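# Quick one, fold the following:
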Amino acid sequence: MQSGLGKTDKWILEFEVKDPTKNPLMGWESSSDTLSELKLEFSSKELAINYAKKMKIEYEIIEPKKRKVVKKSYADNFLS
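Here you go, the predicted model:
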């Protein structure tokens, strides 16, 4: 399987779920907190940080992991 690089240039601000509950019928996790459904996208990390500071939102930055690219051809599947 190959993972593409689409939409990897954005920074996302997500809110934590404050009161998670388990749905008794289906067993899914749900919440009455509507902010948990909200995701804000920013074009840069600085814009996301400035927005969080302006709105007085506590934030945690999770840096993306560096991808290790291994170049190989389709023929490598049949060799050795």
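# The residue nearest in space to the middle of the chain: helix or strand, and which one exactly?
Residue closest to the average C-alpha location in the chain (Cα atoms, centre = their mean): I12, at 6.4 Å. Using DSSP states H and E, I12 sits within strand 11-14.
# Now stretch 8-17: buried residues?
Neighbour counts over stretch 8-17 (16 or more other Cβ atoms under 10 Å) mark W11, L13 as buried. Where you see a C-beta, it was placed from the backbone N, CA and C, and this is true even at glycine.
# what about that stretch, how long is it end to end?
24 Å (Cα to Cα, to the nearest Å).
# Kindly report the same for stretch 37-47.
21 Å.
# Adjust the sequence numbering to begin at 59 for everything that follows.
All right, first residue 59 from here; so that's stretch 95-105.
# Residues contacting that stretch, please?
Residues outside stretch 95-105 that contact it (Cβ atoms under 8 Å, 6 or more residues apart in numbering) are D67, K68, W69, I70, L71, E72, F73, A106, Y109, I119.
# repeat for stretch 113-125
T66, L71, K103, A106, I107, Y109, A110.
# Just the element for the fourth one, please.
By that I understand A106. Assigned by DSSP H and E, A106 falls in helix 103-112.
# Would you pull up how far the least confident helix or strand in the chain by mean pLDDT lies from the middle of the chain?
Lowest mean confidence among the helices and strands of the chain (mean pLDDT, DSSP states H and E): strand 87-88, at a mean of 76. Offset of strand 87-88 from its chain centre (Cα atoms, centre = their mean, to the nearest Å): 18 Å.
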